[in-house]
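# quick one, structure for this:
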Amino acid sequence: MIEMFIMGIAIDTRSGSPIIILNDQENRKALPIWIGQAEASAIIKILENIETPRPMTHDLINSILDTVSCKIKKIEINDLNENTYYATIFLTDKNGKDYEIDSRPSDAITLALKNRAPIFVTPNVVMDGTISTDMERDQQESEDFKKFLNNIKPSDFKKLMKEDINLDEPGAEENDN
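Numbering: from 1, shown residues only. Predicted structure coming up:
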């Protein structure tokens with residue numbers, strides 16, 4: 001699981017649709033998720049601390065959760081299928097019972113923001129849905145790995161296997177040979 005953070009909301013110049021952009025902690029990967037106008041508006045209001053005269057949907061959900069003594073532990077964006085993202089909201093009640101609620105990512109993110117709950121993304125979604133935000137570093141790591149592969153010899157694997165076997169033997173950690 002990779003924790004991600006809201007970088008902001010952008011507008012897709014081709015479609016005019018809002019996109020919420022999540023970043024990983026190192027700002028190396030960005031996960032763009034296309035959302036609706038109403039969801040973007042709700043997220044922006046939370047990010048900007050804008051109060052509304054009447055409760056919005058996420059406020060209503062929070063009131064219900066408070067009434068039944070449930071807390072949002074985290075949200076997880078856990079699938080990407082045919083350009084559609086899927087999410088789960090993880091709840092815990094006052095007795096410690098856990099619940100998982102299927103959700104659209106935009107709704108889950110809105111509730112996570114409102115409740116200061118962490119946002120996690122599964123590795124498969126990171127692999128399939130993110131774009132690099134540090135191409136130079138990615139290129140350098142790729143070149144370093146290629147050099148490593150070009151310089152490795154079969155005997156290096158033999159050494160590694162022998163070291164691994166020796167570490168499994170009792171008292172092996174005492175031998176530094």
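
# any idea what the residue nearest to the spatial centre of the chain is bridged to?
In the chain, the C-alpha nearest the mean C-alpha coordinate belongs to residue 121, at 2.7 Å (CA atoms, centre = their mean). Applying DSSP bridges to residue 121 gives these bridge partners: residue 2, residue 77.

# tell me the spacing between it and residue 132.
According to CB to CB, to the nearest Å, residue 121 stands 15 Å off from residue 132. (Glycine included, C-beta is placed from N, CA and C.)

# ditto for residue 71
From residue 71 to residue 132 the distance is 35 Å (CB to CB).

# now residue 81
Distance from residue 81 to residue 132, by CB to CB: 22 Å.

# so between the two, which is more surrounded?
Per other CB atoms under 10 Å, whichever of residue 81 and residue 132 has more neighbours is residue 132, with 12 against 8.

# beta partners for the more buried one?
Beta-bridge partners for residue 132, by DSSP bridges, are residue 29.

# ok, now how distant is it from residue 89?
Residue 132 is 28 Å from residue 89, by CB to CB.

# now residue 111
6 Å.

# quick check: neighbours shared by these two?
Shared contacts of residue 111 and residue 89, defined by CB atoms under 8 Å, 6 or more residues apart in numbering, are found at 72, 75, 103.
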